[in-house]
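>>> Next comes the sequence, and after it the predicted model I'd like to discuss.
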Amino acid sequence: MPRPPRRRRTREDVIGTPRSASGSLWLSSQERVKRKYPDSGPAQNLADSLRKARDQVAFLTHSVIAWALNFALHATEGRVPFARYASGQTGIFPMPDVTKVGLAADWGTGTESAYAVGQSMARAKPDITIHLGDVYYSGDHAEFADYFLPTDCWPRGTLGTYALPGNHEMYSGGHAYFDFALRALGQETSYFCLENANWRIVGIDTGYDCTTGLRFVLGQDHTTVHGDVLEWLETAVFADASDRRPVILLSHHQWFTAFDTRAYPDVGRQLEPYLDRVALWFWGHEHRFAGYALAGPSGHTPIRARCIGHGGMPVEIGEPYTPVDHRVKPVFLDARHHTDVGKTPVGYCGYAMLELDGPALKVRYVDECDTVLLEETWVRGPDGVRGTTQLHMPTVDGTQTGYGFKLWRPISDLVAS
């Protein structure tokens, strides 16, 4: 039977997607059955009435059965086996000294905003693109086939395309991500290091262990870095203690947050031995665009964090937008109002473009309308990296800029040592 044509989702389809396996799997199963049994409008005669009744029963039966079977499978540790590099492979790959890298997180929604972000990134002609995780609702084969892998979906880099797993890919056991998506992208595992003479980009897997066994059933998120990734960091990436090239760290989950009640302290604890080499840490998971000054939980090496989880999921905004934790030093939040989904105001989606040029690094933050919001410029020197920053949003007063781009600290704090 031919596959129904791929369709785009609306913001209404994905807003409020639960951060739980049961809810996400339910939405995936509903979408599959709706595609097979679309609503054709009011019945015109008895035959139409009988067909609609049959389709409604099939829709309910197939949805419930598919959801229950999937949930039972993954609740009993139905994950795909973790993928490791083959013997003799380091997982460290060269990139040119002059390289343009596009980053986005939480992009795989199939919405108008996601496609606008992808098209904007593609127009910038990146050499490498990296998705920081989350293909919705549960990262199954159909969702990767419809909303991520086609060439008119996630933009490809001319030199390579990579994808990290988030929690949503693992709600379906990670089978589509590991067995389908990685093969399509030519990527061997869920972690990697790209390097040139001056910089290293290290992508780590924080998704694989986020929901397993009883935690899966209870909807608990126990996010950690997989043990094989930690071993790889120790024995391959950071084996040479004299290698002081600054690291751009990528993950799906956040170590800390000023805007959410949930953070993942175990991730920072596990990576503590290497944080002194991290110049910037990009993460997603939270559907917002925010930046932090040099900071970290008490007793840990501070880092400069950038949350770019605004790739494709509707960014829910509200007034007043007050940080729940100032100790981690939030500098800005993009809370500009773009449109409304029902009664919910939502903001702009966007991405980051990294331009590496020898010892220099420029990071441009761009929204779905091609507006450059912010630029950071970093230069590697003998005693570390030094940065400058330029905010392109017009300032209204000391704490808020035009159109809802909020500041709690001077924008220069993003790069201050």
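Happy to help now that I have it.

>>> Going along the chain, name the helices of this protein.
Taking DSSP state H to define them, one finds helices in the chain at 11-14, 21-36, 46-75, 112-123, 141-147, 167-170, 175, 182-185, 213-218, 227-232, 265-271.

>>> By mean pLDDT, show me the worst of these.
Ranked by mean pLDDT, these end with helix 213-218 at the bottom, a mean of 49.

>>> And the average pLDDT for stretch 286-295 is what?
96.

>>> T257 contacts V328, doesn't it?
Yes: contact criterion Cβ atoms under 8 Å: T257 and V328 qualify, at 7.1 Å. No exception for glycine: its C-beta is placed from N, CA and C like everyone else's.

>>> what's G284 in contact with, if anything?
105-106, 132-134, 166, 252-254, 307-309, 311 (Cβ atoms under 8 Å, 6 or more residues apart in numbering).

>>> can you list the residues that contact the lengthiest strand in the chain?
In the chain, ranked by residue count with DSSP state E as the criterion, the top strand is strand 372-381. With contacts defined as Cβ under 8 Å, 6+ apart, strand 372-381 is touched by 198-199, 245-246, 279-280, 289, 291, 332, 334, 350, 359-367, 385-393, 405, 411, 414-415.

>>> how does it look with 6 Å?
Residues from elsewhere that reach strand 372-381 (Cβ atoms under 6 Å, 6 or more residues apart in numbering): 198, 246, 359-366, 385-392.

>>> can you check stretch 340-356 too?
Contacts with stretch 340-356, where a contact means Cβ under 6 Å, 6+ apart, come from 11-12, 15, 99-104, 113, 117, 121, 124, 199, 289, 308, 310, 312, 314-317, 336-339, 362-368.

>>> Okay, buried residues for that stretch please.
341, 345-356 (16 or more other Cβ atoms under 10 Å).

>>> Show me the shaky parts of this protein.
For the chain, residues meeting the criterion pLDDT under 70 lie at 1-7, 33-78, 211-221, 319-320, 394-403.

>>> Go ahead and flag the most central residue of it.
A105 (2.4 Å; Cα atoms, centre = their mean).

>>> tell me the strands in the stretch 101-250 of the chain, going along the chain?
With DSSP state E, counting those that start in this stretch as the criterion, the stretch 101-250 of the chain has strands at 128-131, 160-163, 192-195, 200-203, 247-250.

>>> Paired strands for the first one, with orientation please.
What that stands for is strand 128-131. If you go by DSSP bridges, strand 128-131 pairs up with strand 98-104 (parallel), strand 160-163 (parallel).

>>> any chance of these in CSV, with mean neighbour count and distance to T322 too?
Shown next, in CSV, are the strands paired with strand 128-131 (neighbours: other Cβ atoms under 10 Å; distance: least, Cβ to Cβ, whole Å):
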stretch, mean neighbour count, distance to T322
strand 98-104, 23, 27
strand 160-163, 22, 34
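
>>> who wins for proximity to I92 among these?
Closest approach to I92 among those (Cβ to Cβ): strand 160-163, 13.3 Å.

>>> which residues sit in contact with the nearest residue to L249 once chain neighbours are set aside?
Closest residue to L249 apart from its sequence neighbours, by Cβ to Cβ, 6 or more residues apart in numbering: W281 at 4.3 Å. Shown in contact with W281 (Cβ under 6 Å, 6+ apart): 249, 303, 305.

>>> In the residues you listed, which residue is surrounded by the most others?
A305 (28 neighbours; other Cβ atoms under 10 Å).

>>> which ones are touching it?
Per Cβ under 6 Å, 6+ apart, neighbours of A305: 281, 292.

>>> how much space is there between L194 and G384?
From L194 over to G384 the distance is 20 Å, taken as Cβ to Cβ, to the nearest Å.
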